[in-house]
Structures are given as structure tokens and as C-alpha cells.
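J.: quick check, what structure comes out for this input:
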Amino acid sequence: MAEELLDATDHEIIALLREDARRTFSDIAVRVSLSTAAVKRRVDRLREKGVITGFTVQVDHAKLGWGIEAFAQLRFFGSTNVAEIVETTTRIPEAQAVFTIAGDPDAVVWLRSRDMAHLQSTIDELRRSHRITSTRTLIVLDSWVRGEDRPE
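T.: Sure thing, here's the model as predicted:
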């Protein structure tokens, strides 16, 4: 679905769902001045077209014992293809996301760990893959993500 096929109401519905994915259709309907049925039809259409791909919950990972976040820049041997880069990084549970990049480095991996020793062992595990030629780790001090509330 091309961006131009979304109207202002669609964008408003998406923003409301990003704020709170558990928001009811009737609550959204009041806020966008439509009937509940009309909101449901729009959400169904947005899901059908792949604009809305799912509904999720936001978690405070520090309270679950995974308070360290880092990004690891990875350089691979020149013959490594993108599928191998993704396979190498996603096999470890600490990897939250992998971004393959045109240029240097080859990939950036978003990691979560329990503490610094756990982060070190995670980086060591990545290095043992024998596909990675070098790493550079950036530890997150604080973060802001559009559409997410900051923990108090």
C-alpha cells in the first residue's frame, strides 16, 4: 500500500495503536470521529495491505535482568554473503536485531545482556564464528525510540 493511499485518519489510527496496541476500536472511533465499525474496517484493511504487521507489548528489559544494551559493529571476510551474516548473528539469543550495511562495517548487531561479563562472552562467541574479522562494541548509555514511552 503506497503512502499516498493512506489518509490523515489512517495515520491517526496508526499513531493511536502505536501509543497503545490494546486500545479498543470504540476508543479509537471516538478519537477519530468515526464509527467503531468504520475503524475496524480501516484496521483490517491496514493489516491486509501489510501496513500494520502485528501488535506488540513494550518491555522494560532491565527489570527482566537484561539491562545492558550494546551495538556491535561487525566486519566479515569479503566472501561472506548477507544470508551468512544474518545466520551468524541471529543464532545467539542476545541478538535483538541485525542490520546489514552497504560499506564498512558489514553489519551492526543490537545486543542485550545481563551484565558486562555476559556482553563480553557474547562478543567472544560472535568472534568464534571464524567469519568475523573484527568487531567494535558500542555500549548504550541511554536511548530514545519514537513512539515508545520512556520508563520512569
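J.: can you list phi and psi of V43 for me?
T.: Here is the backbone geometry of V43 (degrees, to the nearest 10): phi -60, psi -40.
J.: so where's the chain shaky on pLDDT?
T.: Within the chain, the stretches with pLDDT under 70 are 1-4, 147-152.
J.: all helices for it, in order.
T.: Applying DSSP state H to the chain gives helices spanning 8-19, 25-32, 36-48, 82-90, 116-127.
J.: E69 is nearest to which of those helices?
T.: Checking those against E69 by CB to CB gives helix 116-127 as the closest, at 9.2 Å. Just so you know, the C-beta spots here come from the backbone N, C-alpha and C atoms, and that holds for glycine as well.
J.: in a markdown table: the helices of the chain, plus mean neighbour count and distance to V108.
T.: Below are the helices of the chain laid out as a markdown table (neighbours: other CB atoms under 10 Å; distance: least, CB to CB, whole Å):
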| stretch | mean neighbour count | distance to V108 |
| --- | --- | --- |
| helix 8-19 | 15 | 24 |
| helix 25-32 | 16 | 35 |
| helix 36-48 | 15 | 30 |
| helix 82-90 | 16 | 10 |
| helix 116-127 | 15 | 12 |
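J.: now for those, which one comes closest to Q96?
T.: Minimum separation from Q96 across those (CB to CB) falls at helix 82-90, 9.8 Å.
J.: how far off centre is that closest one?
T.: Centroid separation between helix 82-90 and its chain, computed with CA atoms, centre = their mean, to the nearest Å, is 17 Å.
J.: check stretch 126-135 too.
T.: The chain centre lies 24 Å from the centre of stretch 126-135; the measure is CA atoms, centre = their mean.
J.: and the end-to-end length of it?
T.: Stretch 126-135 has an end-to-end distance of 9 Å (criterion: CA to CA, to the nearest Å).
J.: could you do stretch 110-124 as well?
T.: 15 Å.
J.: can you list contacts of that stretch?
T.: Contact with stretch 110-124 is made by 61, 65-72, 92, 94-99, 135, 137, 139, as judged by CB atoms under 8 Å, 6 or more residues apart in numbering.
J.: mind checking which residue lies nearest the centre of this structure?
T.: A97 (6.5 Å; CA atoms, centre = their mean).
J.: E125 versus that one, what's the distance?
T.: 17 Å (CB to CB, to the nearest Å).
J.: no more questions from me, cheers.
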